[in-house]
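Chemist: My questions are about this predicted structure, shown below with the sequence.
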Amino acid sequence: MPPEPTTTAPSSYDQWRAAYGLNAERDVEFTTLGGIPIEPLYTEKDRPTGTAEGAGGEIDPSIGVPGQYPFTRGVYPSMYRGRLWTMRQFAGFGTAEETNERFRYLLDHGQTGLSTAFDMPSLMGHDSDSALSLGEVGREGVAIDTVDDMQTLFQGIDLGKVSVSMTINAPAAVMLAFFAVAAERQGGGDQDNPGVPLDRLNGTIQADILKEYIAQKEWCFPVDPAMRVLGDMIEWSTRNMPRWNSVSISGYHIREAGATAVQELAFTLKDGLTYVEQAIERGLDVDDFAPRLSFFFNSQIDFFEEIAKYRAARRIWARELKETFGAKNPKSWLMRTHTQTAGVSLTAQQPLNNVARTAIEALAGVLGGTQSLHTNSYDEALALPSEEAVRIALRTQQIIAHETGVTNTIDPLGGSWFVEALTDEMERQAYEYFRKIDELGGMVEAVKLSYPQREIAEAAFELQTAIEDERRIVVGVNRYTEGDDGEHPLLKVDPALERKQVDRLQGVRAARDGAAVEATLVALKEQAEKPDANLMDPLMDCARAHVTEGEIIHALQDVFGSYTETPVF
């Protein structure tokens, strides 16, 4: 225990430390989840750039003001005083009809954007009637096999007005083609009623393929051809869908795999910078595509560490786009971010505790300056979220927005010695990871060598060991375990929905023009064999011919091959 405070107030920071028995070395007993040591007190000495205002009252350039480079304090001048973040809830289960009902429910209850969850077969490029899909159809997301399913998914929802997010990566180009053709057909798809044009479509498709090899492990092709397909999407979207975010560079799944906050920051940004390099190598001007890149971060339970992560991320991205890649348009420097509260922090034990966890994580995302937010439902560690749990999750965002007062001022934590020092340290450690990755030949080569995979595996092991040793307390799991662990109402997917989806898929196959299917698949493979050909237009032709996702993926695998991961221990 520290000694009792002296009656005379210390006149300096060093005297304060001495008076309370604190030496000049960092007290490593308290750290962030990521292991960054936390000082017992922060002052202006903890920022190498000085106080929040520089000498003579000038604004510290590393902090700046909201809406101006380097955007540490936020990407827009007015932030939430001008417009609240987009409130999204991830939704998808069963067939397209059931998910369409959930979409309508969420829109009726105040949601302002739609986030689509796909089932595992769709994420892996398998049709619902594949032997590999048995028992998984519609289980953890919606089953989408053809453009017909995509049309049903958004039946009665004007795709020219609503913002749509689709969380899918390896077969993202296929789903983008399905979505674009579904929009094309919303008005009938003929000359007199052409549907929603590409340039009106607004939203995001995740498509972050490097993240899949690093963390989520859902892939269809080897790394190099997968990067080629992503490049095709970015190039095609830049030219045809100016309101569409062609890739959502995702740290969320990296963090869910066990990464620290610094690893999430570093690996995610390095993935994004790699995509920028690739697009420039294709001949695109950075200012033509960079404004439509977006990010997707996790918001974990370590409150201040998460806030600092968002601040450091914006600053690094702005600096790299401006100084390294020479972007001249200020919109290219902006890091626009979607945030989701941490699924891995949810516990099956005492699940109602997850309401508190989600609220804290959501508040961190808001104070960190996110533009879009998804709050997890308290029962997601047990099953698909029930309607009650989804409503509570959405109400959590609305309470933060309208009752807490945190939106009344812009960046309320800006200039905090603690927050700014933590931001600086996270930035420094991220650049240290950049240096190591560059020494390995860049992110693609680092992924092939399993470098980020090993780093995450070690971090996950360290955290789990700390929980099991009770050095890291998880309420209701390894401490305070007494209480209500009774039954909670859970949403269960009707097994009959799998048969329904398989029957629908086989009905589409029976009704379509077989010659058109074969012709579009042959054309797709021919273009895939040409390294400089863009595959998006052939994929659009496949979608219009009702070719299934699995058929498209198998055709491309005939050219590209498949991928087997090298085990990491």
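Modeler: Yep, it's here.

Chemist: can you pull out the strands in this protein?
Modeler: 86-91, 113-117, 164-167, 203-205, 244-245, 247-250, 293-299, 336-341, 372-374 (DSSP state E).

Chemist: so which of these gets nearest Ser62?
Modeler: Ser62 lies closest, by CB to CB, to one member of these: strand 336-341, at 19.4 Å. Yep, even glycine has a C-beta here, placed from its N, CA and C like the rest.

Chemist: Between strand 113-117 and the closest one, find me the angle.
Modeler: 60 degrees (axes from the mean of the first three to the mean of the last three CA atoms, to 10 degrees).

Chemist: Nearest to Lys436 among the strands of the chain would be which one?
Modeler: The nearest among these, by CB to CB, is strand 247-250 at 19.4 Å.

Chemist: quick check: mean pLDDT across that closest one?
Modeler: In this model, strand 247-250 has an average pLDDT of 94.

Chemist: Please apply the same query to stretch 406-415.
Modeler: According to the model, stretch 406-415 has a mean pLDDT of 92.

Chemist: just stretch 135-144 next, same as before
Modeler: The average pLDDT for stretch 135-144 rounds to 91.

Chemist: got the end-to-end distance for that stretch?
Modeler: Using CA to CA, to the nearest Å, one end of stretch 135-144 lies 15 Å from the other.

Chemist: if we can go back for a sec, mean neighbour count, the strands of the chain: which tops it?
Modeler: strand 247-250 (a mean of 28; mean count of other CB atoms under 10 Å).

Chemist: quick check, distance from that one to the centre of its chain.
Modeler: Taking CA atoms, centre = their mean, to the nearest Å, the mean C-alpha location of strand 247-250 is offset from the chain mean by 6 Å.

Chemist: Stretch 227-244 too?
Modeler: For stretch 227-244, the distance to the chain centre is 18 Å (CA atoms, centre = their mean).

Chemist: Identify the residue spatially nearest to Ile249, adjacent ones excluded.
Modeler: Of all residues not flanking Ile249 in the chain, Gly272 sits nearest, at 4.0 Å (CB to CB, 6 or more residues apart in numbering).

Chemist: Surely the one you found touches Phe295?
Modeler: Yes. With contact defined as CB atoms under 8 Å, Gly272 reaches Phe295; the gap is 7.0 Å.

Chemist: Need the overlap of contacts for those two.
Modeler: Both Gly272 and Phe295 are contacted by Ile249, Trp317, under the criterion CB atoms under 8 Å, 6 or more residues apart in numbering.

Chemist: Start from the N-terminal end of the stretch 51-200 of the chain and give the helices.
Modeler: For the stretch 51-200 of the chain, applying DSSP state H, counting those that start in this stretch gives helices covering 79-82, 96-108, 120-124, 147-153, 172-184.

Chemist: I'd like these as JSON lines, with distance to Val447 appended.
Modeler: Below are these laid out as JSON lines (distance: least, CB to CB, whole Å):
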{"stretch": "helix 79-82", "distance to Val447": "35"}
{"stretch": "helix 96-108", "distance to Val447": "32"}
{"stretch": "helix 120-124", "distance to Val447": "19"}
{"stretch": "helix 147-153", "distance to Val447": "30"}
{"stretch": "helix 172-184", "distance to Val447": "17"}
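
Chemist: Please identify which of the ones you listed is closest to Val502.
Modeler: The closest of those to Val502 is helix 120-124. By CB to CB, the value is 10.7 Å.

Chemist: how near is Ala342 to Ala528?
Modeler: 38 Å (CB to CB, to the nearest Å).

Chemist: Pull the number of nearby residues for Asp503.
Modeler: Around Asp503 there are 11 other residues, counting by other CB atoms under 10 Å.

Chemist: Relative to Val142, how far out is it?
Modeler: Applying CB to CB to Asp503 and Val142 gives a distance of 16 Å.

Chemist: now the helices: where do they sit in the stretch 351-500 of the chain?
Modeler: Going by DSSP H, counting those that start in this stretch, the stretch 351-500 of the chain shows helices at 353-368, 387-402, 417-439, 443-448, 451-468, 496-511.

Chemist: what sits against the closest residue to Ala421 other than its chain neighbours?
Modeler: In space, and not counting its chain neighbours, Ala421 is closest to Asp46: 4.1 Å by CB to CB, 6+ apart. Counting by CB under 8 Å, 6+ apart, Asp46 makes contact with Glu39, Trp417, Phe418, Ala421.

Chemist: ranking those residues by neighbours, who comes first?
Modeler: Result: Ala421 is most packed of the contacts of Asp46 (other CB under 10 Å), 21 neighbours.

Chemist: any idea how far the closest residue in space to Asn298 that isn't next to it in sequence is from Ile301?
Modeler: With CB to CB, 6+ apart as the criterion, Asn298 has its nearest non-adjacent residue at 3.7 Å, and that residue is Arg255. Going from Arg255 to Ile301 by CB to CB gives 11 Å.

Chemist: what about the helices of the stretch 351-500 of the chain, which gets the closest to Glu97?
Modeler: helix 496-511 (8.8 Å).

Chemist: Just the buried positions in that closest one, please.
Modeler: If you call a residue buried by 16 or more other CB atoms under 10 Å, then helix 496-511 has these buried ones: Leu497, Glu498, Lys500, Gln501, Val502, Arg504, Leu505, Val508, Arg509.

Chemist: From His109, how far off is the last one?
Modeler: In this structure, Arg509 and His109 are separated by 37 Å, where distance is defined by CB to CB.

Chemist: again, but for the second one
Modeler: Glu498 sits 28 Å away from His109 when distances are taken as CB to CB.

Chemist: and if you look at the third one?
Modeler: With distances defined as CB to CB, the gap from Lys500 to His109 amounts to 27 Å.
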